[in-house]
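Student: Quick one, fold the following:
(chains A and B)
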Amino acid sequence: RKEVEQDPGPFNVPEGATVAFNCTYSNSASQSFFWYRQDCRKEPKLLMSVYSSGNEDGRFTAQLNRASQYISLLIRDSKLSDSATYLCVVGRGDSWGKLQFGAGTQVVVTP
Amino acid sequence: GAGVSQTPSNKVTEKGKYVELRCDPISGHTALYWYRQSLGQGPEFLIYFQGTGAADDSGLPNDRFFAVRPEGSVSTLKIQRTERGDSAVYLCASSYGTSREGTEAFFGQGTRLTVV
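Tutor: Down below sits the predicted model:
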C-alpha cells in the first residue's frame, strides 16, 4: 500500500463551480502536510501548507483530519487556470525531509 | 536567478554509462532533496540533505545511485551503469530547513534523463 493515496481523477469541473477531493495517508507519525500543484511537464509548486485547524488561501481551502488520516482540498469558483494535477504531500515526524507524494489528482476546468 | 537550478535540463545516455545531474539550491536553503518522477506518478523520494550530510538516503533504489553535497550548497546526483529503467525526470528541491515549519520545498525544473 502506498503511503499517500489519491483519486487520480480526472475531475471535470465547469468554470465557476466548486470541486473538492481528498487524499489519505497511512503513516500516523506524519506531521506536516501540503498541497502542491503540477502543470503538465512542469515542476511541482507549493499551493499551500495544511494546518491542523484547517486553512484557507483565497479560493482554496485545506482541511486535515488526523483521526481518519486524510487531507482535503476544496477549490471554489474554479478558473480555467486551475486545471492541473494536485499533489498531496506528507512529511514524516521521524524524518521531516522525507516528503511522500501522492500520484496526484487531475482537475480539468471547462468553459 | 532566485530559484532552484538544475543542469542539464535533458540528458540522453547509453545503457551502462555514468551520468551526473547537478542541482543548485536557493541561496540560504539548508535542506536539499532529490526526487524522481515517472510519467503519471508523483515524485518518488530518493534522498535529502541537511547541510552537507545525507539525513535520509533510504529512497535510493540501489548502490548505483549516489549523491553528494560537499559544501552544503550545490548537490550532484550520480548514477553508475545506467539502465533503461532509470529513465525519468529527476527533480531537485530545497527548503529553508527540515523542521515542521520549514519543509515547504521549492522545486527546480528537473533533468529529464533518457537511457537508450
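Student: Where does pLDDT dip in the chain?
Tutor: Just going to use chain A. Counting by pLDDT under 70, chain A contains no low-confidence residues.
Student: meant chain B actually
Tutor: For chain B (pLDDT under 70), the answer is B:1, B:98-103.
Student: ok, which residues in it are in contact with chain A?
Tutor: If contact is defined as CB under 8 Å from any CB of the partner chain, the residues of chain B in contact with chain A are B:31, B:33, B:35, B:40-45, B:48, B:50, B:55-56, B:58-59, B:91, B:95, B:98-100, B:103-110. Where you see a C-beta, it was placed from the backbone N, CA and C, and this is true even at glycine.
Student: Name the residues linked to the residue most central in space within chain B by a beta bridge.
Tutor: The structure's chain B has its C-alpha centroid closest to B:Trp34; by CA atoms, centre = their mean the separation is 2.9 Å. With DSSP bridges applied, the residues forming beta bridges to B:Trp34 are B:Ile47, B:Cys92.
Student: wait, isn't A:Tyr70 in contact with A:Thr24?
Tutor: Yes. A:Tyr70 is in contact with A:Thr24 according to CB atoms under 8 Å; the separation is 4.6 Å.
Student: Between those two, point out the one with more neighbours.
Tutor: Neighbours were tallied for A:Tyr70 and for A:Thr24 using other CB atoms under 10 Å in any protein chain shown; the higher tally belongs to A:Thr24 (19 against 15).
Student: Can the host helix or strand of the more buried one be said to contact chain B?
Tutor: Per DSSP states H and E: A:Thr24 is located in strand A:19-25. No. Interface with chain B: strand A:19-25 contributes nothing (CB under 8 Å from any CB), its closest point being 10.3 Å away.
Student: Report all helices and strands that that strand contacts.
Tutor: Taking 3 or more CB pairs under 8 Å, 6 or more residues apart in numbering or on different chains; DSSP states H and E as the contact definition, the neighbouring helices and strands of strand A:19-25 are strand A:4-6, strand A:11-14, strand A:70-75, strand A:84-92, strand A:105-110.
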